[in-house]
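J.: sequence and predicted structure below; questions after.
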Amino acid sequence: AQRVTQPEKLLSVFKGAPVELKCNYSYSGSPELFWYVQYSRQRLQLLLRHISRESIKGFTADLNKGETSFHLKKPFAQEEDSAMYYCALPVNSGGSNYKLTFGKGTLLTVNP
Amino acid sequence: DTGVSQDPRHKITKRGQNVTFRCDPISEHNRLYWYRQTLGQGPEFLTYFQNEAQLEKSRLLSDRFSAERPKGSFSTLEIQRTEQGDSAMYLCASSPSGRRETQYFGPGTRLLVL
């Protein structure tokens, strides 16, 4: 069965420090993974998806099929990065439905 | 604002009452999803619409829950005979056609059942 695991509920770093939010997945097909972010009092929004290979707000994520991981990284954290981060896996159960399976999320706090 | 909208944003009800939530997706999006999020958890899939057709329902969606999307535009999610365990954030998302397109989320409706 498909599953997304985010092992850390909380992660606290200082401004300017590197940050890595971990995500591991279990999926029998060819995975495509997303990172969604939710800033305080805002809606859930897409941060990045592995297929686009972009760097958004300084964040990158590489899909490692051998380790079944999709960790989110940023070399120098900023205070405005403080938010809840969710790793998500679209699962096709047939037809046009690509429902998302989410991890439990990691709350990142960047301290001044 | 042309994003996904949801109404109401908050709902407090007593156990046993019925509640209905509305979702207005981005206008050109024909796919619509409902998710539920409880404290400490990520969103969990409830149901999916392609235009007006409800194509999948999760086992989380008991027979007290019903969703509709008449005319393939807005959608409603109704919970009958609410229970305290129904207290959660109900999220709506929409996406355009296409393989694994990005889902755009609404602000959610927070339900509290007393």
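T.: That came in fine, so what should we check first? Numbers count the residues shown, from 1 in each chain, chains lettered A, B, ... in the order given.
J.: strands of chain B, start to end?
T.: Using DSSP state E, the strands of chain B run over B:5-7, B:10-13, B:19-24, B:31-37, B:44-50, B:53-57, B:65-68, B:75-79, B:88-95, B:104-105, B:109-113.
J.: residues from chain A in reach of chain B?
T.: Contact residues (Cβ under 8 Å from any Cβ of the partner chain) of chain A with chain B: A:4, A:9, A:32, A:34, A:36, A:43-46, A:49, A:51, A:86, A:88, A:90, A:92-93, A:95-105. Backbone N, C-alpha and C define where each C-beta goes, glycine included.
J.: filter those down to just the ones in strands.
T.: Those of the residues of chain A next to chain B mapping onto strands are A:4, A:34, A:36, A:45-46, A:49, A:86, A:88, A:90, A:92, A:98-102, per DSSP E.
J.: which one of the residues you listed is nearest to residue B:93?
T.: Nearest to residue B:93 out of those is residue A:100 (Cβ to Cβ; 7.9 Å).
J.: just the pLDDT for the residue in chain B positioned nearest to chain A.
T.: Closest to chain A within chain B is residue B:42: 3.0 Å, counting by Cβ to the nearest Cβ. Per-residue pLDDT puts residue B:42 at 95.
J.: ok, the closest residue to it other than its chain neighbours - contacts?
T.: Take residue B:42 and drop its neighbours on the chain: the residue closest to it by Cβ to Cβ, 6 or more residues apart in numbering or on different chains is residue A:102, 3.0 Å away. With contacts taken as Cβ atoms under 8 Å, 6 or more residues apart in numbering or on different chains, residue A:102 has the following neighbours: A:4, A:36, A:86-88, B:42-44.
J.: can I have the buried ones of these as a PyMOL selection?
T.: In PyMOL, this line selects whichever of the contacts of residue A:102 come out buried by 16 or more other Cβ atoms under 10 Å in any protein chain shown:
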select buried, (chain A and resi 4+36+86+87+88) or (chain B and resi 42+43+44)
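J.: give me the most central residue, chain B.
T.: residue B:34 (3.4 Å; Cα atoms, centre = their mean).
J.: quick one: low-confidence residue ranges for the chain.
T.: No chain in the question, so chain A it is. Counting by pLDDT under 70, chain A contains no low-confidence range.
J.: meant chain B actually
T.: Applying pLDDT under 70 to chain B flags residues B:1, B:99-100.
J.: let me know the outermost residue of chain A.
T.: Distance from the C-alpha centroid of chain A peaks at residue A:95, with 25.7 Å (Cα atoms, centre = their mean).
J.: tell me which residues touch the residue lying closest to that residue once chain neighbours are set aside, please.
T.: Among residues not flanking residue A:95 along the chain, residue B:55 sits closest, at 6.1 Å (Cβ to Cβ, 6+ apart). Residue B:55 sits next to A:95-97, B:48-49 when contact means Cβ under 8 Å, 6+ apart.
J.: now do residue B:55 against residue A:108, distance only.
T.: With distances taken as Cβ to Cβ, to the nearest Å, residue B:55 is found 35 Å from residue A:108.
J.: related to what we said a few turns ago, buried among the residues of chain A next to chain B? Make that a ChimeraX selection.
T.: The ChimeraX command for the buried members of the residues of chain A next to chain B (criterion: 16+ other Cβ under 10 Å) is given here:
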select /A:4,32,34,36,43,44,46,49,86,88,90,96,97,98,99,100,101,102,103,105
